[in-house]
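Asker: Turn this into a model:
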Amino acid sequence: MEKILIVDDEKNYPMIIAEVLQEEGYVSLTASSGIEALDILNTELVDLVLTDVKMPGMSGIDLLERIKELKPDMPVIVMTAFGSVEKAVEAMQKGAYTYILKPFENSSLIAHIHKAISIYKIVKENAALRDAISSRYSFDNIIGKGKLMQEMYEVIEKVSPTNANILIEGESGTGKELVAKSIHYNSQREKNALVAVNCAAFAETLLESELFGHEKGAFTGAVNMKKGRFELADKGTLFIDEIGEMPLSLQVKLLRVLQERVFERVGGVQSVPVDFRLIAATNKTLEQEVEKGNFREDLYYRLNVVKMVLPPLRERQEDIPLLINHFIKKYTEDLAPDKRVAGISQEAARLLFDYSWPGNVRELENIIERSVILSGSDLIEPADLPLHIRQTLGEGLKLDGIPEGAGLSETLAAVEKKMILRAMKKSGNVQTKAAQLLGIGKSGLNQKLKKYHIDI
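Answerer: Next up, the predicted model:
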């Protein structure tokens, strides 16, 4: 039930209005001065202030200014006599929702209050939603405590308050979009839109229209003018995912927007100014794409003001237990109490810890969600994991391929080669990690890769 604070130095006037509001279902609080009103606002959750303009001591205009300093979004309706209209105009200029002339019809007052409180309710809901989103994408909610993740947190914290272009590189499933959202919702633009577009999801002509919008009649089917992602991201952040898939012809146009901050809609001639912060992501290495001629060098340097390379999950194995627990909690909380999973067995955890994770964090999340659904006990067991994980990681070296009667040196060489191949697979072809798994140095591994003609 909404609360309305009525402020008037006339003794009986606030009580009369309070009775009218009570019949409409509102809770009324009364104050006889601006000072008393501020004391109430410090202790009560009020949805609207209805104040007289002319009061001794602190006037209604002064009270309005103080309220806007403390609670900028709260609606304030000022009451004024017919001869003080200029004060009402001043109040409107200083942020009052509206004014009403005394004496007034009760129905007119109620109509103004209904509309003001409805708008305020929407404002509060939007603010709560922004706070929830900001909390969800706060950089310290990204799961990981290892050295690589700590370094990434430091970069996010430093770049978020700036307007610098960000380039995020990393394999699919490493959390590039999550990092982009964390940067936006910790920036000065967090109250404005974060607009995303995936270059791999559109053909070239459709992608141009998605980015720049189009004018009515620009092409067959363009029956109305449409704003593009640049325009929608004005005052906010534009997140371009899979930018390595953007055609060269559109790269030229993107470069111009980054340089001049203006663009034209498809089929249009009028320049549209735009203010946005760009975050781009790709699962490719753009520097290599530049060398191949697939990506413009000048655009690459425009994007590469701050580059973040997200580590694959196989390089941050210390974070796997944290991620497992996080996803178990996430997918268990909506289940019935008798269906909830409390954790994971050591055997199942070991299988997940040793897996190479080609799909990275996204793959781990999918597997945990599946396992939570299929688990028949309060712990995820190996039997709950997908078959490919149980088979590939539970098997031995399969020495049956060694010819019968092979000598000791030939047998040892075959075993060594199989162990190297398995280590390279488990490490995702990262030689440093594979060498650690084998317990040898990287130079020693290089020699053995050449010896057994293993092409990585």
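Asker: Leaving out chain neighbours, which residue sits closest to residue 440?
Answerer: Using C-beta to C-beta, 6 or more residues apart in numbering and skipping residues adjacent in sequence, the residue nearest residue 440 is residue 448, 7.9 Å away. Placement of C-beta: from N, CA and C, glycine included.
Asker: Output the below-cut-off pLDDT ranges for the chain.
Answerer: Judged against pLDDT under 70, the low-scoring parts of the chain cover residues 82-84, 126-141, 392-408.
Asker: The closest residue to residue 160 other than its chain neighbours - how many residues pack around it?
Answerer: Beyond its immediate neighbours in the sequence, the residue positioned closest to residue 160 (C-beta to C-beta, 6+ apart) is residue 186, lying 4.0 Å away. Using other C-beta atoms under 10 Å as the criterion, residue 186 is surrounded by 19 other residues.
Asker: part of a strand, is residue 186?
Answerer: No. Counting by DSSP: H, G, I helix; E, B strand; the rest coil, residue 186 is not part of a strand but coil.
Asker: Sketch out the strands for the protein, chain order is fine.
Answerer: Shown for the chain, the strands assigned by DSSP state E span residues 3-7, 27-31, 48-52, 76-81, 98-102, 166-169, 194-198, 237-241, 262-263, 272-273, 277-282, 306-309, 343-344, 379-380.
Asker: tell me the domain ranges of this structure?
Answerer: Structural domains assigned to the chain are 3-132, 140-311, 314-394, 399-451, following automatic domain parsing.
Asker: rewinding a little: hmm, the residue nearest to residue 160 is touching residue 156, no?
Answerer: Yes. In this structure, residue 186 sits in contact with residue 156. The criterion is C-beta atoms under 8 Å, and the distance is 7.2 Å.
Asker: How far does stretch 263-280 stretch from one end to the other?
Answerer: End-to-end distance for stretch 263-280, by C-alpha to C-alpha, to the nearest Å: 18 Å.
Asker: right, so of the strands of the chain, which gets closest to residue 219?
Answerer: Closest approach to residue 219 among the strands of the chain is made by strand 262-263 (17.2 Å; C-beta to C-beta).
Asker: other SSEs contacting that closest one?
Answerer: Counting contacts by 3 or more C-beta pairs under 8 Å, 6 or more residues apart in numbering; DSSP states H and E, strand 262-263 packs against helix 248-260, strand 272-273.
Asker: What pairs with it, parallel or antiparallel?
Answerer: Paired neighbours of strand 262-263 in the sheet (DSSP bridges): strand 272-273 (antiparallel).
Asker: So which residues make contact with the strand it pairs with?
Answerer: Defining contact as C-beta atoms under 8 Å, 6 or more residues apart in numbering, one finds that strand 272-273 is touched by 230, 231, 261, 262, 263, 264, 265.
Asker: And those residues, which of them are buried?
Answerer: Burial by neighbour count, judged by 16 or more other C-beta atoms under 10 Å, picks out 230, 231, 263, 264, 265 from these.
Asker: dump the residue contacts of the second one.
Answerer: Contacts of residue 231 were listed using C-beta under 8 Å, 6+ apart, and they are 213, 272, 274.
Asker: any chance of those residues in TSV, plus distance to residue 105 and neighbour count?
Answerer: Conversion of the contacts of residue 231 to TSV gives the following (distance: C-beta to C-beta, whole Å; neighbours: other C-beta atoms under 10 Å):
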residue	distance to residue 105	neighbour count
213	47	24
272	46	18
274	47	18
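Asker: so which of these comes closest to residue 254?
Answerer: Ranked by distance to residue 254 (C-beta to C-beta), the contacts of residue 231 are led by residue 274 at 12.2 Å.
Asker: correct me, but that closest one touches residue 264?
Answerer: No. Counting by C-beta under 8 Å, residue 274 does not reach residue 264; the two are 11.2 Å apart.
Asker: Burial check on residue 287, number of neighbours?
Answerer: 13.
Asker: Excluding covalently adjacent residues, which one is nearest to it?
Answerer: Leaving out its chain neighbours, the residue that sits closest to residue 287 by C-beta to C-beta, 6+ apart is residue 300, at 7.1 Å.
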